[in-house]
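Enquirer: Model the following, please.
(2 chains)
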Protein chains: 2
Amino acid sequence: MAVREELLRNIRSVEPYVPGEQPQHKVVKLNTNENPYPPAPGVERVLKEMDTDRFRLYPDPTADELVGSLADYYGVGKDQVFVGVGSDDVISMCFLTFFNSDLPILFPDITYSFYKVWAELYRIPYHCPKLDENFKIVKEDYYAENGGIIFPNPNAPTAIYEDLEFVEDILKQNRDSIVIVDEAYIDFAGRSAMELIDKYDNLIVTQTFSKARSMAGMRIGYAISNPDLIRCLNDVKYSFNSYTMNQTALACGVEAVEDKAYFEEGVRKIVETREWAKEELRKLGFVFPDAKANFIFARHPEVDANELFQALKENNIFVRHWNAPRIDQYLRITIGTREEMERLFDFLRTYIKEK
Amino acid sequence: MAVREELLRNIRSVEPYVPGEQPQHKVVKLNTNENPYPPAPGVERVLKEMDTDRFRLYPDPTADELVGSLADYYGVGKDQVFVGVGSDDVISMCFLTFFNSDLPILFPDITYSFYKVWAELYRIPYHCPKLDENFKIVKEDYYAENGGIIFPNPNAPTAIYEDLEFVEDILKQNRDSIVIVDEAYIDFAGRSAMELIDKYDNLIVTQTFSKARSMAGMRIGYAISNPDLIRCLNDVKYSFNSYTMNQTALACGVEAVEDKAYFEEGVRKIVETREWAKEELRKLGFVFPDAKANFIFARHPEVDANELFQALKENNIFVRHWNAPRIDQYLRITIGTREEMERLFDFLRTYIKEK
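Expert: As a prediction, this is how the structure comes out:
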């Protein structure tokens, strides 16, 4: 049965979905920037202690406890924190709330692919300045008149981090535009733009529990800004969907925030493995922009990226590859455990020798 | 600090949010149609047994196991089931996917308040035929040319259920429009329109885990339709947010579906309490449309609804009241446990005698 023409005419047309690879057998999974270590031990404890009788009640729509934990952690007011179902939900809500201009919003041509999707979904005009030949954001491109700005720092999939001076320059040049800095990978990189929240009333910083906090499976993201912009976000959110984060996400999220020592140790291990992995990649002849995220975006001058991608897959090692202009000779390799990376390098050494 | 004029101009303007009452002390909470009984025992078991180490990984975006459980339960194919973060998420996704006509979509003037919100959010034209003087949907109003139709059955907050003949008539008169029947409360009412899925390719039925399955706190909803319309829904969903339901919702949802005996017993108890509560309300002089949901929408000819609402609240009994045209003399009373309802009636007997 196919949809009849009469029904079809009002159905939204989108690119058909190609499900991400979620292999079931034992593989080295370095393809979706997940954390190789489990979440903080308190997460398990709080989950096992949960009173499931309370599931009959709606969750707290204000997420008060989780918001309070994040506020304490970052030393900001509770009225400066907005939470949602992963940073996808948070950023999408920012688009709806703040990007309502006739002028195009700006984001890099090579960046997180959902910015373009949300702009099209919400019919927001957009313009994508090109990264330079080294995959760097050219800050002067963001001096143009615009309806808002968003960029990740570090950028994805390039893993390039720009310092706060760079971010501040964009904020200064755009005092009358909302600037969203998407810091999904900041914990692996350097100073966060959160330091600039009090100085620039046009700044929103978004982060996630999916990477450094090992909780991709729980779907938690957040934005930090000034109380006024956070209130605007909450007004829009509550106006059309009051309850989004479920009770387990709210409770487990608090535990993950509060275990600072565990978090820092996890980040340290990943950064250490990344720095070692960079060395190993260089020895094999790979080139890449200096990676400051939990992944490396690398190419090999003598190896076709797609062929290598397929060969890795046949050997149960999954990385990410895009058949897209400018980046089709690159692979994005998530930093796994030292053991997982050893398996990757064992394969690469043989593969590259045989080329 | 207030948002500067220069920033304000591109911020979406919405009605300021008034948070729902979530009283912390011991109260009789009959205001948000929650279930007074806990979820199926298997929900607690599966939660305690969860491997939290896996939280580091993204959840299955296809929600395969939950989809499979629902398909088995309803005797449909897995390709006929769509799941989301509560039926709010599911219905909102239906609006985005199916309501893209220049003709207005139709839904009753007195109904679930979020239909209007989503229509406005997505800039979908809409028209709201009036319920008749008995708060009944006039099916002939839905014969008009339209861009789609949605109505709850039972309707909210009236609690009136229409039989399948009524639903089928609307489907027949609108072969070229998508018709969504929002069955959040169907388990307390009668036959579901799911029986008509094979007969009408324009039908989508949505349901929720928040009411009869006692899992408002977990945020799970679903739609059942033909494989073509479900594919359209999934295409749209995956195109802009691949991961929405977290791992705990997926696992606990399966348990709740599989315990059919517990589910049926819970529904039976609520229906029994409702029928008894109707008798008690009648004895006190209340009038109401015949209630087929887990709530009763009642008024008293000699008592002002808002005054009674306030008096109940002062006595720690929370029900729902709207200061809205046509319904401002009604209270929506959720069916609690027999004990909670006794507390309500103890208060009402004294209050009405003293009037």
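Enquirer: Low-confidence stretches in chain A?
Expert: A:1, A:16-25 (pLDDT under 70).
Enquirer: Would you map the helices across it?
Expert: Under the criterion DSSP state H, chain A carries helices at the ranges A:5-8, A:41-48, A:64-74, A:86-98, A:114-121, A:164-173, A:227-240, A:247-258, A:260-283, A:305-314, A:338-354.
Enquirer: CA atoms of the third one as CSV?
Expert: Spelled out, that is helix A:64-74. Extracted C-alpha coordinates of helix A:64-74, given in CSV (Å, rounded to 0.1, in the frame of the first residue of the first chain):
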residue,chain,number,x,y,z
ASP,A,64,13.9,22.3,40.0
GLU,A,65,16.4,19.9,41.6
LEU,A,66,18.4,19.3,38.4
VAL,A,67,18.4,23.0,37.6
GLY,A,68,19.6,23.7,41.2
SER,A,69,22.5,21.2,40.9
LEU,A,70,23.7,22.8,37.7
ALA,A,71,23.4,26.3,39.1
ASP,A,72,25.5,25.3,42.1
TYR,A,73,28.0,23.5,40.0
TYR,A,74,28.6,26.5,37.7
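Enquirer: tell me the angle that helix makes with helix A:247-258.
Expert: 20 degrees (axes from the mean of the first three to the mean of the last three Cα atoms, to 10 degrees).
Enquirer: same thing with the last one?
Expert: Helix A:338-354 and helix A:247-258 are oriented at 90 degrees to each other (the same axes, to 10 degrees).
Enquirer: how far out from the middle of the chain is helix A:338-354?
Expert: Put simply, helix A:338-354 sits 27 Å off its chain's centre (Cα atoms, centre = their mean, to the nearest Å).
Enquirer: how about it: buried residues?
Expert: A:340-341, A:343-345, A:347-348, A:351-352 (16 or more other Cβ atoms under 10 Å in any protein chain shown). Glycine gets a C-beta too; all of them are placed from N, C-alpha and C.
Enquirer: out of the residues you listed, who's nearest B:Gln80?
Expert: Nearest to B:Gln80 among these: A:Glu340, at 38.6 Å, using Cβ to Cβ.
Enquirer: Now for that closest one: which residues touch it?
Expert: Residues near A:Glu340 by Cβ atoms under 8 Å, 6 or more residues apart in numbering or on different chains: A:28, A:30, A:36.
Enquirer: tell me the phi and psi of the second one?
Expert: Torsion angles at A:Leu30 (phi, psi; degrees, to the nearest 10) stand at phi -120, psi 40.
Enquirer: What's the local residue count around the closest residue to it other than its chain neighbours?
Expert: Sequence neighbours aside, A:Thr334 is the residue nearest to A:Leu30 in space, at 4.2 Å (criterion: Cβ to Cβ, 6 or more residues apart in numbering or on different chains). Applying other Cβ atoms under 10 Å in any protein chain shown, we find 25 residues neighbouring A:Thr334.
Enquirer: so A:Thr334 touches A:Ala298, yeah?
Expert: No - A:Thr334 is beyond contact range of A:Ala298, at 11.9 Å (criterion: Cβ atoms under 8 Å).
Enquirer: how's chain A carved up into domains?
Expert: For chain A, the structural domains run A:20-38+A:261-354, A:41-258, going by automatic domain parsing.
Enquirer: Which among those domains is found nearest to B:Glu264?
Expert: That would be domain A:41-258 among those, by Cβ to Cβ, at 16.6 Å.
Enquirer: re the thing from before, turn the buried residues of helix A:338-354 into CSV, columns for distance to A:Arg12.
Expert: CSV is the format used below for these (distance: Cβ to Cβ, whole Å):
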residue, distance to A:Arg12
A:Glu340, 40
A:Met341, 42
A:Arg343, 42
A:Leu344, 40
A:Phe345, 45
A:Phe347, 42
A:Leu348, 43
A:Tyr351, 43
A:Ile352, 45
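Enquirer: and which of the residues you listed is nearest to chain B?
Expert: A:Glu340 (12.8 Å; Cβ to the nearest Cβ).
Enquirer: mind listing what A:Phe345 touches?
Expert: A:277, A:280, A:284.
Enquirer: Can you get me a residue count around the second one?
Expert: By the other Cβ under 10 Å criterion, the neighbourhood of A:Glu280 contains 15 residues.
Enquirer: Can you give me the distance of it to A:Ile335?
Expert: Separation of A:Glu280 from A:Ile335 (Cβ to Cβ, to the nearest Å): 12 Å.
Enquirer: so what sits against both of those two?
Expert: Common neighbours of A:Glu280 and A:Ile335 (criterion: Cβ under 8 Å, 6+ apart): A:Met341.
Enquirer: who's in contact with the closest residue to A:Ile317 other than its chain neighbours?
Expert: Nearest residue to A:Ile317, sequence neighbours excluded (Cβ to Cβ, 6+ apart): A:Val28, at 4.5 Å. Residues near A:Val28 by Cβ under 8 Å, 6+ apart: A:316-318, A:336, A:340, A:343-344.
Enquirer: If we use 6 Å, what do you get?
Expert: By Cβ atoms under 6 Å, 6 or more residues apart in numbering or on different chains, the contact list for A:Val28 reads A:317, A:340, A:343.
Enquirer: Sweet, I'm off.
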